Structures are given as structure tokens and as C-alpha cells.
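S.K.: The following block contains a protein sequence and its predicted model.
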Amino acid sequence: MSQQILEGLAAIVNEVAGVPVADVQLDKSFIDDLDIDSLSMVEVVIAAEDKWGVKIPDSEVKNLKTVGDAVTFISANS
Amino acid sequence: MTRQVVITGLGMTTPVGGDVESTWRAILAGTPGIRLIDDPWPEDQPSKIAGIMAVDPATCLPSHEARKLDRSQQAALVAAREAWADAGTPEIDPDRLGAVVATGMGGLISLINAYDLLLERGASRISPHMVTMIMPNGSAAHVGLEIGARAGVHTPVSACASGAEAVSYAARMIQEGRADVVVAGGTEAVIHPVTMAGFAAMRALSTRNADPAAASRPYDIDRDGFVMGEGAGIMVLESAEFAAARGAKIYGVYGGSGLTSDGHHIAQPDPEGRGATRAITEALQDAGLSTSDIVHINAHATSTPQGDIAESAAIKAALGSHTDKVAVTGTKSMTGHLLGGAGAVESIFTVLALRDRLVPPTANLHNLDPEIHLDIVAGAPRPLPAGDIAALNNSFGFGGHDVALIFRSA
């Protein structure tokens, strides 16, 4: 499950920000490692919500610092 | 003494070509880029023809970049990258580098698409990039970011005169010492049933849907309105000293500009073209030239019945008896009307005509309107004389904006 979410998230990050899929790893920080700015992060959230039918509130988005944080949140809530 | 400004890089994407070389080749060959829009538009749409960009600008950009940009911004960025590379990617202090990119209507289509999405899926699905996609200064800002411009990023908005006003603004930034290099031009991409219905409601558009290639026919007695086009033109303007110091190739010299307003009507041209006459006269004064120096005019010539006659009268009033010795062309006969992009694209055509000493023909001119008193180039390109020559580019916009630009041979 987690592996599928990671792959799905990598595809979203690639589409939104052009980051190579292979660079999107669990320990990578969206801001510091993947250069995702706050606007692009909103796009990632919208796409993830659509893909997995989860709701990711703004209050939660700030806690999703790494790709792993996002994978954990999505698997726990979808 | 005013600093001299030269043109060192060109870029464009138009209905007849995806870059400068392919566009200029098509323009010299007199090839119209107007076609029938094959989308399922409302049946009562009066005008279903347009000059759609020959190369979709989104295909020239990485998809993650294209998705954050309105189509007009994509076109501006594609043209700016071509122009910047063509200028040899100048090394310059960012504080001395500017960007001026005009548009008539900005990211209108992105707004319409966002509204459709809002109704269909709700507010939470609106892109975080929507605001920067629709703001009129978006193209200038993106081009400025691309090159790292810090001397100033500006967006003149004067409808169909916007692109020409951008070139004038950029040149003056250099003349006034605010910048050494400015990337300048205009862009537009608003071909959509709503915008077309609006222009059609003004009775401004050609409805020659059965024969798209013949629809844009400036000066011809059978013209029935302009044809919408889309695309962008960008030039790199540079102080002559800076260009010389880095050994840049020079396409031409910026001569001067005149900017006036009609004070007549929101959308109708002054029948006598008085604002346009003053713009041309002021441009000549600004350039320090006399009427006899002008050998060529790339006219505004949109193919509307009234507009072409008013411009003809304005040129005659400004140039007097010298008018008969000037080779006039209307390249909108091939590109359609690029609105905020038009003045920039046609400035590039003017500079290339001076460089190649060749005036492109006006397409579709078969029967000259007897009220047009100009020497129109048609059928084939016409050679220009050797030596120092100068040319004029006119642009006028709804709102009564009149902009005349003068360029000189290198």
C-alpha cells in the first residue's frame, strides 16, 4: 500500500513540478530537497485528494514536511 | 545626448510559424495563416476563423512549466527564450536588465476555464496558479524571472497598440539610463467563443468563414473586418555602447516613437486619423528624421472598412507628398490581428524588412479600395534601396491609442 502511494505521489510531484520520479523518496523534504514551493504544494495536495479520496486540511499540510509524512497521512486516512 | 538603442535579438511564435525564421519566410512568401476553427462552437457564432499559432507553445515547454502559464504567457516565454538566445544570452548585471511585455487582454481564457471548473467541481479545485495566469503583467513577470531582470518589469496595456507601446517603453528605459538591456514585446491568446462573440458584436470581425485564407484583406474593396490571431513577438533592445562592447550582432536601430490618443470614441477611429497623424509626426521628431527618410511602413491595416481608410488619411497627412514614395504593407493579411502581440510582431517584421531590404507583400489585395491613397506592396516582396533607410510601424488600439515606431537600418 505504502509503495503504491509513494509511486502515485512521485508521479504527481513529477507532473506538478517536473521533479524526476526517482528523486521522490520517503526521506525527501518537499521544500528543501524537491524545491516544491507553497503554490506547487497546493497542487500536490489537490491531486492527492482527488487520487486517494482523502481530505488533507490546510492545518495538516504544514506537518507534511517529507514525502514519507505524506505517504503515512494518506495511508492512514484513505 | 540620448543614448542610442539597437536591436540585438528576435523571437516570435505566430499563426504562420513557431519561430522567427519560419514566420519571416512565410510572410515574405505572402502565405496567410488563417483557418477555420474546428472546435464545436455555437452555431450562431458569426466568425469561426482565426490565426491560431502554427506551433502550440505548450509543446515547446516542459509540462510542469506549461501548466502554470496561460497560453499567452507560454507564447511570450517561447518567444523570449528565442530572442534571448538569438542575442547571445548577454551577460549583464541584473540591476541593468529589464523586461517589458504587453498584452491587450491578459489571461482571459484561464479565467473562463477556471470559472467552468468552479461551477463543475467547486472552489477547492481552482489552481493556485490561476491568479498569476490571469494577471496582465504575468507574461512580463515570467519573462523577467526567466532572464533575472531587476531594472524593472512593466506591462503597457493599450489594446491593439500594447505591443508597440512596450517597445517604446523599453527603448526609453535604455535612453533614460534605467537599463542597458531590455527584453520587450507583446503577446496575446484569447481565441475563444466568448471573446469572438464580443468582437463580432462590435461588427469588427470578418465573417468570411467559407474562405478563411482570404478573410484578412487590408485595403481590398471586399474587406469585411479583422481576423483574430494569437501569438507573441519579443525583441532584445540594448544600448549601442553595451552591444558594441560585447560584440553583439545588430539587426537594426530603434529610431523613435510617438504616442498619442484620439480623444474621439471608445472603439471607432477618428475618421481623419488625427491622433495617428500626430503619433507619426512625433515619432519622426523623436527620431530626428524627416518624412523623406521613411521608405517603408508596416501599417496597422487590420482589414476593417473604416480603420484602413482612417490610417491611410493619417499617413497622407503626416508624410504629405512623400507618401507616394513609401512602400506600405499590411502583414495582418497573413497573421490576422494579434491584438496586444501585433505591435511587437510587426516591429520585428519592420526590422527584418530593413535588414533584408525587402518589404513583404500584403496578401489578398486584388481590388484596391479607391479611398486608400497609398502605394501598397502586393503580389511579391519589393526591394528597398541601399544606404541608410528608415521605416515606420503603426499600431492603434480600441480606446483611441495611437503608437508610431520608427526603426533605422543597422
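M.R.: In hand now; what should we look at?

S.K.: what residues are up against the residue lying closest to B:Thr23 once chain neighbours are set aside?
M.R.: Take B:Thr23 and drop its neighbours on the chain: the residue closest to it by C-beta to C-beta, 6 or more residues apart in numbering or on different chains is B:Gly17, 3.4 Å away. Placement of C-beta: from N, CA and C, glycine included. B:Gly17 is in contact with B:23-26, B:33, B:54-55, counting by C-beta atoms under 8 Å, 6 or more residues apart in numbering or on different chains.

S.K.: ok, now B:Gly152?
M.R.: By C-beta under 8 Å, 6+ apart, B:Gly152 lies in contact with B:98-100, B:173, B:178-179.

S.K.: In strands only, show me those residues.
M.R.: If you go by DSSP state E, these have B:98-100 in strands.

S.K.: Which member of these is positioned nearest chain A?
M.R.: Set against chain A, the nearest of the ones in strands among the contacts of B:Gly152 by C-beta to the nearest C-beta is B:Ala99 (20.9 Å).

S.K.: The closest residue to B:His337 other than its chain neighbours: neighbour count?
M.R.: Nearest non-adjacent residue to B:His337, counting by C-beta to C-beta, 6+ apart: B:Phe226, 4.4 Å away. Neighbourhood size, B:Phe226 [other C-beta atoms under 10 Å in any protein chain shown]: 26.

S.K.: tell me the pLDDT at B:Phe226?
M.R.: Confidence at B:Phe226, expressed as pLDDT, is 98.

S.K.: who does it bridge with?
M.R.: Here B:Phe226 sits in beta bridges with B:Leu205, as judged by DSSP bridges.

S.K.: ok so, going back, pick the one among the contacts of B:Gly17 closest to chain A.
M.R.: For these, the closest approach to chain A (C-beta to the nearest C-beta) belongs to B:Val55, at 20.9 Å.

S.K.: Quick check, the residue in the stretch 301-410 of chain B closest to chain A?
M.R.: Closest point on the stretch 301-410 of chain B to chain A, by C-beta to the nearest C-beta, is B:Gly340, at 25.6 Å.

S.K.: and the stretch 101-250 of chain B, which residues reach chain A?
M.R.: Residues of the stretch 101-250 of chain B that fall close to chain A, judged by C-beta under 8 Å from any C-beta of the partner chain: B:124-125, B:127-129.

S.K.: List the residues that contact whichever residue of chain A sits closest to chain B.
M.R.: Of all residues in chain A, A:Gly18 sits closest to chain B, at 3.5 Å by C-beta to the nearest C-beta. If you count contacts by C-beta under 8 Å, 6+ apart, A:Gly18 has them with B:62-65.

S.K.: after the helix or strand harbouring B:Ser22 comes which helix or strand?
M.R.: In this structure, B:Ser22 is located in helix B:20-28 according to DSSP states H and E. Per DSSP H and E, the first helix or strand lying C-terminal to helix B:20-28 is strand B:35-36.

S.K.: How about the contacts made by B:Gly252?
M.R.: Contacts for B:Gly252 (C-beta under 8 Å, 6+ apart) come out as B:6-7, B:351, B:354-355, B:407-410.

S.K.: out of those, which are buried?
M.R.: B:6-7, B:351, B:354-355, B:407-409 (16 or more other C-beta atoms under 10 Å in any protein chain shown).

S.K.: what's the residue in the stretch 151-300 of chain B that chain A sits nearest to sitting at in phi/psi?
M.R.: Proximity of the stretch 151-300 of chain B to chain A (C-beta to the nearest C-beta) peaks at B:Val153, 18.9 Å away. Phi and psi for B:Val153, reported as degrees, to the nearest 10, are phi -130, psi 120.

S.K.: who's it bridged to?
M.R.: Beta-bridge pairing for B:Val153 (DSSP bridges): B:Ala99.

S.K.: Show me which residues of chain A sit near chain B.
M.R.: A:14-18, A:38-40, A:42-43, A:46, A:49.

S.K.: Going by distance to chain A, which of the residues of the stretch 101-250 of chain B next to chain A wins?
M.R.: Nearest to chain A among these: B:Pro128, at 4.0 Å, using C-beta to the nearest C-beta.

S.K.: What does the pLDDT read for that closest one?
M.R.: 95.

S.K.: Kindly reformat the contacts of A:Gly18 as JSON lines containing neighbour count, secondary structure and pLDDT.
M.R.: Listed next are these as JSON lines, based on neighbours: other C-beta atoms under 10 Å in any protein chain shown; DSSP: H, G, I helix; E, B strand; the rest coil; pLDDT from 0 to 100:
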{"residue": "B:Pro62", "neighbour count": "9", "secondary structure": "coil", "pLDDT": "95"}
{"residue": "B:Ser63", "neighbour count": "12", "secondary structure": "helix", "pLDDT": "93"}
{"residue": "B:His64", "neighbour count": "16", "secondary structure": "helix", "pLDDT": "93"}
{"residue": "B:Glu65", "neighbour count": "15", "secondary structure": "helix", "pLDDT": "95"}
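
S.K.: In those residues, find the pair that's most separated.
M.R.: Across those, no pair lies farther apart than B:Ser63 and B:Glu65, at 7.3 Å, counting by C-beta to C-beta.

S.K.: Tabulate the contacts of B:Gly17 (JSON lines), appending pLDDT and neighbour count.
M.R.: What follows is the contacts of B:Gly17, written out as JSON lines (pLDDT from 0 to 100; neighbours: other C-beta atoms under 10 Å in any protein chain shown):
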{"residue": "B:Thr23", "pLDDT": "98", "neighbour count": "28"}
{"residue": "B:Trp24", "pLDDT": "98", "neighbour count": "23"}
{"residue": "B:Arg25", "pLDDT": "98", "neighbour count": "12"}
{"residue": "B:Ala26", "pLDDT": "98", "neighbour count": "20"}
{"residue": "B:Gly33", "pLDDT": "98", "neighbour count": "26"}
{"residue": "B:Ala54", "pLDDT": "98", "neighbour count": "17"}
{"residue": "B:Val55", "pLDDT": "98", "neighbour count": "17"}
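
S.K.: Mind checking which of the contacts of B:Gly252 land in strands?
M.R.: B:6-7, B:407-409.

S.K.: got those residues as a markdown table, with pLDDT columns?
M.R.: Shown next, in a markdown table, are those (pLDDT from 0 to 100):
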| residue | pLDDT |
| --- | --- |
| B:Val6 | 98 |
| B:Ile7 | 98 |
| B:Phe407 | 98 |
| B:Arg408 | 98 |
| B:Ser409 | 98 |
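
S.K.: what's around residue 29, how many residues?
M.R.: With no chain named, the answer covers chain A. For A:Ser29, the neighbour count with other C-beta under 10 Å is 14.

S.K.: The intended chain is chain B.
M.R.: By other C-beta under 10 Å, the residues close to B:Ala29 number 14.

S.K.: Next one: the residue of chain B found nearest chain A from A:Glu43, what distance?
M.R.: Taking C-beta to the nearest C-beta, chain A has its nearest neighbour within chain B at B:His64, 3.5 Å off. B:His64 sits 10 Å away from A:Glu43 when distances are taken as C-beta to C-beta, to the nearest Å.
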